[in-house]
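Novice: give the three-dimensional model of this entry:
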Amino acid sequence: MPNFSSLLKSEISRIAKKEIRAESGALKKSSSQHRSDIAALKRRVAELEGMLRKLLRSRSTPAAEKALSGEKSLRFRVSGFITLRKKLDLSAAEMGQLLGVSAQSVYKWEQGKARPRASQLRQIAQVRKLGKRQVQERLAQAAS
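Specialist: The predicted structure follows:
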């Protein structure tokens, strides 16, 4: 005759396994649902990023907007800036003083390590229109 305690242990074990299977089944189902939701969200994000790239590409560029508004586009070339400074016979410090920037900025522009801001491009364009005498007069006014 089987031992009562061994029958009780086997029945408890069977019921515990049944409960564990039921609980783990629910967890597997919810985990699967979460994975499919995450995949759907990733697809949606990829779709939205694609739409954003497309909109950014189709958006008019600042140069095109300036052309439409009639504003002249200002360009900066390192060699042209160096030539301008030599033509006006200015040191980097004097050119910086004339433009309202430091000599270090002028050096970095000439080395190609930095580029002037839009406001500085306008000032450079104004200096291009000046002759040596006018530049010296402006420097003298700034010094006094």
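Novice: mean pLDDT per helix and strand in this protein: which one sits at the bottom?
Specialist: Confidence across the helices and strands of the chain bottoms out at helix 62-69, with a mean of 54, counting by mean pLDDT, DSSP states H and E.
Novice: tell me which residues of the next helix or strand after it come out buried.
Specialist: Later in the chain than helix 62-69, the nearest helix or strand by DSSP states H and E is helix 78-87. Judged by neighbour count (16 or more other Cβ atoms under 10 Å), helix 78-87 contains these buried residues: F81, L84, R85. Just so you know, the C-beta spots here come from the backbone N, C-alpha and C atoms, and that holds for glycine as well.
Novice: give me the mean pLDDT for helix 78-87.
Specialist: Across helix 78-87, the average pLDDT comes to 90.
Novice: can you give me how far that helix is from the chain middle?
Specialist: How far helix 78-87 lies from its chain's middle: 31 Å, per Cα atoms, centre = their mean, to the nearest Å.
Novice: following it, which helix or strand shows up next?
Specialist: Per DSSP H and E, helix 78-87 leads on to helix 92-99 as the next helix or strand towards the C-terminus.
Novice: report the buried residues of that following helix.
Specialist: Of all the residues in helix 92-99, those buried under the rule 16+ other Cβ under 10 Å are A92, E94, M95, G96, Q97, L98, L99.
Novice: need the contact list for the second one.
Specialist: For E94, the residues meeting the contact criterion (Cβ atoms under 8 Å, 6 or more residues apart in numbering) are L139.
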